[in-house]
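Peer 1: Sequence and predicted structure are below.
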Amino acid sequence: MKNLFLLLSIQFLVYLGFGIIIPVLPEVVVENQWNDVHVGGLLTVYALASFFTAPFWGEISDKFGRKQLILIGLVGFSLSFLIFSLFIDNLFILYLSRFIGGLFSGALYTSVTGYISDVSTNENRNKYMGLMGMTIGLGFIFGPAVGGVLGEIQLHLPFTTSAALIAILFVVALIGLKEPERKGEAAKRELIPKGASTLFQYRIRYLFAFSFFVTFILAGVEATFQLFQIDRIDITPAQLGSLFMFSGFVDAGIQGGIIRRIKDGTETKWLFAAQIITAIGLVFITMTSNLVMAGIALCVFTAGNALARTCVVSLTTKESGGKFGLASGISYSMDNLGRIIGPLVFTGLFNVGASFTYYISAIIALFVIALIVFFKHSKKSLRTEYEG
């Protein structure tokens, strides 16, 4: 239980750090009189670093252990915030710090997910992944809030505080976190000797593609929701923040209340339901006529998306043939690819037509159910081989 609390604390701080920059970054760019494009650039470089390196970190954690990689990730992540704080007026160094942050966030995500997979069974993994998802959701909720409050005092303070908290967590993890027992590791390595390329020969590849689309839609909504609601109900930044915070609690509630109760073997049914709920939420967004309706639509979308995100992570680890870290790393890369492409596609569609954007995304949400159908009908499963 102590180890689980430490792992959840790490995930909370990783996603707190991801969210803490959102309300502060535009102020940093404006204060330094840089071009607005650097707001997007500094967010994108983080996702790019994670996308290209997460599978590597996952494979490393499978081979050499979870604790070591968690400690390395904490050092690097703390360093990225410290650099941002110290060089907040140097654009090149800020890009470097964001690259470092993305690099080591991948190390933390894959090693923590691998650790939780190691200490759980197929029967209780949904419960543990649900707790992890709830913690991530809370990090997203409180990150922007903490960043906004501390940024009002001094712009660099959110980053200095994050660096200090993560450094403290490093010391706690160094002393208190134990390396998990990974039974049958030799068999796991023999099963997948070539790493990521071999995974894509099995039906787990459909889950990787599904992960991409789930985050692709989420990132697209995040990029366009404010623009849509400004046009529809003249929404203010404060109102928008309230809606996202409320939907964040819905996200955390789904993770902690539903995901943990999903029984092993029923995940695909929940993924079907998740995509239908997501599509309904997207259509509801187009019907917005007031703030309450906007909030309801966002919460319906969030419920479906949260259910899909964590459920597919849990199922992916079960289908990984024991390569929990590597599979988590690939999933994390797919998430980051979605975060890179989603905003670009959605803003492009938005210029064609605001409601059109959400109709198309609802169709996509339903279309990717086909990936789960393909997954269910494929017999080429690493889960069967590994457990057999």
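Peer 2: Right, received. Where do you want to start?
Peer 1: confidence score at residue 217?
Peer 2: On the pLDDT scale, residue 217 is placed at 92.
Peer 1: Quick one: the helices in the stretch 251-388 of the chain, in order.
Peer 2: 267-286, 291-318, 324-352, 354-367, 369-377, 382-387 (DSSP state H, counting those that start in this stretch).
Peer 1: Which elements pack onto the third one?
Peer 2: By that I understand helix 324-352. Helices and strands touching helix 324-352, as assessed by 3 or more C-beta pairs under 8 Å, 6 or more residues apart in numbering; DSSP states H and E, comprise helix 37-64, helix 91-118, helix 196-199, helix 204-233, helix 291-318, helix 354-367. For every residue, glycine as well, the C-beta is placed using N, CA and C.
Peer 1: Mind telling me which of those helices the model trusts least?
Peer 2: Minimum mean pLDDT among the helices and strands packed on helix 324-352: helix 196-199, a mean of 66.
Peer 1: would a markdown table of the helices of the stretch 251-388 of the chain with distance to residue 71 and mean neighbour count be doable?
Peer 2: Converted to a markdown table, the helices of the stretch 251-388 of the chain look like this (distance: least, C-beta to C-beta, whole Å; neighbours: other C-beta atoms under 10 Å):
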| stretch | distance to residue 71 | mean neighbour count |
| --- | --- | --- |
| helix 267-286 | 32 | 21 |
| helix 291-318 | 22 | 24 |
| helix 324-352 | 15 | 23 |
| helix 354-367 | 39 | 19 |
| helix 369-377 | 35 | 16 |
| helix 382-387 | 28 | 16 |
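Peer 1: which one of those lies closest to residue 73?
Peer 2: helix 324-352 (11.9 Å; C-beta to C-beta).
Peer 1: Contact partners for the residue nearest to residue 138 when sequence neighbours are not counted?
Peer 2: The shortest distance from residue 138 to any non-neighbouring residue, by C-beta to C-beta, 6 or more residues apart in numbering, is to residue 252 (5.3 Å). Counting by C-beta atoms under 8 Å, 6 or more residues apart in numbering, residue 252 makes contact with 134, 137, 138, 141.
Peer 1: Of all the helices and strands packed on helix 324-352, which one comes closest to residue 156?
Peer 2: helix 91-118 (11.2 Å).
Peer 1: and the helix or strand that that closest one is followed by, what does it pack onto?
Peer 2: Counting by DSSP states H and E, the element after helix 91-118 in chain order, helix or strand, is helix 125-153. With contacts taken as 3+ C-beta pairs under 8 Å, 6+ apart, helix 125-153 sits against helix 2-20, helix 91-118, helix 157-176, helix 237-257, helix 291-318.
Peer 1: Helix 125-153 to helix 2-20, inter-axis angle?
Peer 2: In terms of direction (axes from the mean of the first three to the mean of the last three C-alpha atoms, to 10 degrees), helix 125-153 departs from helix 2-20 by 40 degrees.
Peer 1: how far off helix 157-176 does helix 125-153 point, in degrees?
Peer 2: Going by the same axes, to 10 degrees, helix 125-153 makes 140 degrees with helix 157-176.
Peer 1: Turn the helices and strands packed on helix 125-153 into TSV, columns for distance to residue 200.
Peer 2: Formatted as TSV, the helices and strands packed on helix 125-153 follow (distance: least, C-beta to C-beta, whole Å):
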stretch	distance to residue 200
helix 2-20	26
helix 91-118	17
helix 157-176	33
helix 237-257	28
helix 291-318	13
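Peer 1: among these, which is nearest residue 354?
Peer 2: Judging the helices and strands packed on helix 125-153 by C-beta to C-beta, what sits closest to residue 354 is helix 291-318, at 13.3 Å.
Peer 1: what angle do the closest one and helix 369-377 make?
Peer 2: Going by the same axes, to 10 degrees, helix 291-318 makes 30 degrees with helix 369-377.
Peer 1: what distance separates helix 291-318 from the middle of the whole chain?
Peer 2: Here helix 291-318 is found 12 Å from its chain centre; the criterion is C-alpha atoms, centre = their mean, to the nearest Å.
Peer 1: where's residue 375 relative to residue 133, distance?
Peer 2: 20 Å (C-beta to C-beta, to the nearest Å).
Peer 1: Likewise for residue 145?
Peer 2: Distance from residue 145 to residue 133, by C-beta to C-beta: 19 Å.
Peer 1: Quick check: the gap between residue 139 and residue 15.
Peer 2: Counting by C-beta to C-beta - residue 139 and residue 15 are separated by 3 Å.
Peer 1: between residue 145 and residue 133, who's got more neighbours?
Peer 2: residue 133 (25 against 17; other C-beta atoms under 10 Å).
Peer 1: what sits against the more buried one?
Peer 2: Counted by C-beta under 8 Å, 6+ apart, residue 133 has contacts 251, 254, 255, 256, 259, 306, 309, 310, 313.
Peer 1: isn't residue 50 right up against residue 104?
Peer 2: No. Counting by C-beta atoms under 8 Å, residue 50 stays clear of residue 104, with 9.1 Å between them.
Peer 1: Neighbour count: those two, which is higher?
Peer 2: More crowded of residue 50 and residue 104, by other C-beta under 10 Å: residue 50, with 29 against 26.
Peer 1: Nearest residue to residue 355 in space, please, no chain neighbours.
Peer 2: Per C-beta to C-beta, 6+ apart, closest to residue 355 is residue 286, 4.3 Å.
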